[in-house]
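Colleague: Predicted model follows, preceded by the sequence.
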Amino acid sequence: MIRIAIQAKGRLNEDSIRLLSEAGIRIDESKRMLLSRSSSFPMEVLYLRDDDIPQAVADGVADLGIVGLNEVAERTFDLEIVRKLGFGRCRLCLAVPKSVEYNGLAWFEGKRVATSYPRILAKFFTEKGVRADIHDIAGSVEIAPSVGMADAIFDIVSSGGTLVSNGLVEVETVLASEAVLVANRSLSEEKRAVLYEILFRMDAVERSRGMKYILMNLPQGKVDAVVRILPGMKSPTVLPLAQKGWCSLHAVVSEAEIWEKIVQLKELGAEDILVLALEKMIP
Ligand code: ATP
Ligand code: MG
């Protein structure tokens, strides 16, 4: 049994559950408790605040975790970052009131900067040789300059809308973040094997993303020409039809190219073209 910690509620919760479910790991949300067992995979899911996930995994309370890279970087626990997951994208940025004349990092010298990410910011300022005064505050960082608590902020930005509505402009990006799968550094061999199984399944889903399964009927004489424009995983599958001189051809095509391919296929005499969704691809 392997245990994974995911965010109980918030921005990463839904995508974390979706990722597990695409890998065939179903969790019954209606019967959800702090710790729930998957009905389809030997896994327990522990629901936590995202702030607590890095420590839970580092301490071995959970074997795996799904959490923002920003939290991993801030908490500084020794964790294995297994892979980036492509959701929860955001960046940690320095922002200043739009009225100031910003002239580069030297502007921050001696300034008060409010943030909930003091360690990441302190490391950045040290690397850049800037001496600023870091104010560690728990929330509502973006209003700190307007109430006189700080001269600037260091916070998470995704669209930038919150900054604009608080009269701030983004001036430096310090960390690009997204959700990551993390693991305890000393997983047992059995647990590592389960982790590899999960990664294998995630890869299969990932590979199929943006891909479509296409099938069509085709005059036998056109097969070679069609194979040239539809390479497929190895090469397209060709099956005979009951009607003499015709066959059915199946292939995998990237969604981005699908319309262009359909035009070419029709010109070559393909008929009854079907495009189907692809869920998993295992080479
Ligand atoms: P919790 O109750 O679990 O502590 P939280 O309020 O700290 O939740 P959320 O706002 O749900 O956290 O954000 C979780 C993660 O989502 C962030 O740590 C970050 O990695 C990512 N994220 C993506 N876009 C944004 C955004 N615009 N603002 C904040 N976080 C974002
Ligand atoms: Mg949090």
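Modeller: That came in fine, so what should we check first? Numbering: from 1, shown residues only. Ligands and ions are numbered 1, 2, ... in the order given.

Colleague: drop to CA atoms for contacts and neighbour counts, all remaining ones
Modeller: Will do.

Colleague: Wait, a helix at residue 71?
Modeller: Yes: counting by DSSP: H, G, I helix; E, B strand; the rest coil, residue 71 is located in a helix.

Colleague: Do you know the pLDDT at it?
Modeller: Confidence at residue 71, expressed as pLDDT, is 97.

Colleague: With the one 4 residues further on instead?
Modeller: Looking at residue 75, its pLDDT is 94.

Colleague: For the closest residue in space to it that isn't next to it in sequence, which three-state class applies?
Modeller: Excluding the flanking residues, the one nearest residue 75 by C-alpha to C-alpha, 6 or more residues apart in numbering is residue 54, at 6.8 Å. Following three-state DSSP, residue 54 is assigned to helix.

Colleague: which residues does residue 54 contact?
Modeller: Shown in contact with residue 54 (C-alpha atoms under 8 Å, 6 or more residues apart in numbering): 65, 67, 71-72, 75, 77, 79.

Colleague: any weak-confidence spans in the stretch 1-150 of the chain?
Modeller: 31 (pLDDT under 70).

Colleague: Pull up the residues of it that are close to ligand 1.
Modeller: Within the stretch 1-150 of the chain, the positions near ligand 1 by C-alpha under 6 Å from any ligand atom are 7, 9-12, 49-51, 68, 70-71, 88-90.

Colleague: try 8 Å this time
Modeller: Within the stretch 1-150 of the chain, the residues that sit near ligand 1 (C-alpha under 8 Å from any ligand atom) are 7-13, 48-52, 67-71, 87-91.

Colleague: May I have the distance across stretch 152-165, first residue to last?
Modeller: 15 Å (C-alpha to C-alpha, to the nearest Å).

Colleague: Can we start the residue count at 36 from this point?
Modeller: Sure thing, new numbering starts at 36, so read that last one as stretch 187-200.

Colleague: And the contacts of it?
Modeller: 124-132, 146-152, 156, 176-177, 179-180, 204-205.

Colleague: Wait, residue 76 touches residue 58, no?
Modeller: No: in this structure, residue 76 is not within contact of residue 58 by C-alpha atoms under 8 Å, at 9.7 Å.

Colleague: neighbour count winner among those two?
Modeller: The residue with more neighbours, out of residue 76 and residue 58, is residue 58; 20 against 16, by other C-alpha atoms under 10 Å.

Colleague: Could you pull up phi and psi at the more buried one?
Modeller: When quoted as degrees, to the nearest 10, the phi and psi of residue 58 stand at phi -90, psi 10.

Colleague: So the closest residue to it other than its chain neighbours versus residue 313, what's the distance?
Modeller: Among residues not flanking residue 58 along the chain, residue 236 sits closest, at 5.2 Å (C-alpha to C-alpha, 6+ apart). Going from residue 236 to residue 313 by C-alpha to C-alpha gives 14 Å.

Colleague: Okay then, goodbye and thanks.
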